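**Student:** Here is my input, please return the structure:
(chains A and B)
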Amino acid sequence: MQPQSEAEEHLRIIRSLMEKATIYRAVSAPGALAAGLTAVAVSSTGAYLTNPDIPAEDEIWWFFIPWLAVFAVMGAFNLWLLGRDDAQGGSKGGFHVSERMRTALRCMIPGLLAGGFCSLLQAEMEWATIVSLWVLLYGVSLLGTGLFAPKSIRVLGWAFFATGAALLVAGSTITASVANPLGIAHALMGATFGSYHIVYAICVWPRRANV
Amino acid sequence: MFDFDKIDKTIHEKGRLGIMTLLAVRTSWTFQDLKTELKMSDGNLITHLRTLHDAGMVAVTREILDRPQTSYSLTAKGRAAFQEYLVVLEQIITAGKPKP
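**Tutor:** Numbers count the residues shown, from 1 in each chain, chains lettered A, B, ... in the order given. I've put the predicted structure just below:
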């Protein structure tokens, strides 16, 4: 190889490694697809099964508990996928928490915890308002990884953030205008957490190996 | 004419260049993280890291947290050598370009 082309090749290696080493995708495409499909399924079932006659004290079982379970299971599944990928690119199985995964978690956890704390205000708020806060704060937590996230994660973060903010503004109007507030809260979960994750997964799946 | 002896032969090998590049990006890397990023075998990575360590370019830190963990970082000599290496690469490319 000519010295000049060899030097160019080495500079290319350096550039691509530097870019790769500074980018981290905290939401994997398969994890997002699974979360999106699960959210749509739970949302549809919830919207179908709930009705205005459900006593207020039982609403937690018809809305909060199922969604808490979805968050926990899908969050754990996404972490497992990321940890598997970190363990030798997934070729040997196993699980490894890389420094970049730790950093991403440190950036995301405050926003996610804030969303969890908002749930404690359930007695004073409509479920639709809590959904708006969850959507907004999930967007904040994704944007928290913005310094090292690929563009697709930042777009997803801004989509959640903008939707959450818009829903917060329109929240009381939405709730007042529907007969089944619990049903609309389920529908909002499906429309945001469900559809946004599915669209994200479809968009990044083919390019995932290159980022 | 460019003097090709200026190239640091320790760094000018793709495996070791990858290691030096990653160590230049972030302060400290664990063995497993380097292995994941560079997709090298254990033996290959250990050999390259030992070469760089023997040349005084890479520092090794062994810690026992929940389990033993070895981390690697660039020494001042290693950082200077890597910067010098980049300058030399640029000079080679510039020297090879036709003059206007």
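
**Student:** What is the burial count for whichever residue of chain A sits closest to chain B?
**Tutor:** Closest residue of chain A to chain B, Cβ to the nearest Cβ: A:Q4 (3.2 Å). Placement of C-beta: from N, CA and C, glycine included. Residues near A:Q4, counting by other Cβ atoms under 10 Å in any protein chain shown, number 16.

**Student:** Give me the neighbour count for the spatially closest residue to it that is not a sequence neighbour.
**Tutor:** Using Cβ to Cβ, 6 or more residues apart in numbering or on different chains and skipping residues adjacent in sequence, the residue nearest A:Q4 is B:G96, 3.2 Å away. Look at B:G96: counted by other Cβ under 10 Å, it has 14 neighbours.

**Student:** just checking, B:G96 touches A:P3?
**Tutor:** Yes. B:G96 lies in contact with A:P3 (Cβ atoms under 8 Å); the separation is 7.0 Å.

**Student:** mind checking how far the nearest residue to A:I60 once chain neighbours are set aside is from A:P55?
**Tutor:** Spatial nearest neighbour of A:I60, excluding adjacent residues (Cβ to Cβ, 6+ apart): A:Q122 at 7.1 Å. A:Q122 sits 14 Å away from A:P55, going by Cβ to Cβ, to the nearest Å.

**Student:** So for these two, which residue has more residues nearby?
**Tutor:** Applying other Cβ under 10 Å to A:Q122 and A:P55 shows that A:Q122 carries more neighbours, namely 15 against 7.

**Student:** so what's the more buried one scoring on pLDDT?
**Tutor:** Note for A:Q122: predicted pLDDT of 76.

**Student:** wouldn't it be in contact with A:I130 here?
**Tutor:** Yes. A:Q122 lies in contact with A:I130 (Cβ under 8 Å); the separation is 6.1 Å.

**Student:** what about the strands in chain B?
**Tutor:** Ranges of strands within chain B are B:29-30, B:58-64, B:68-74, based on DSSP state E.

**Student:** what about those, which gets the closest to A:W134?
**Tutor:** strand B:29-30 (34.4 Å; Cβ to Cβ).

**Student:** Check which helices and strands the closest one is in contact with.
**Tutor:** strand B:68-74 (3 or more Cβ pairs under 8 Å, 6 or more residues apart in numbering or on different chains; DSSP states H and E).

**Student:** and the strand it packs on with strand B:58-64, angle?
**Tutor:** Angle, strand B:68-74 to strand B:58-64, by axes from the mean of the first three to the mean of the last three Cα atoms, to 10 degrees: 160 degrees.
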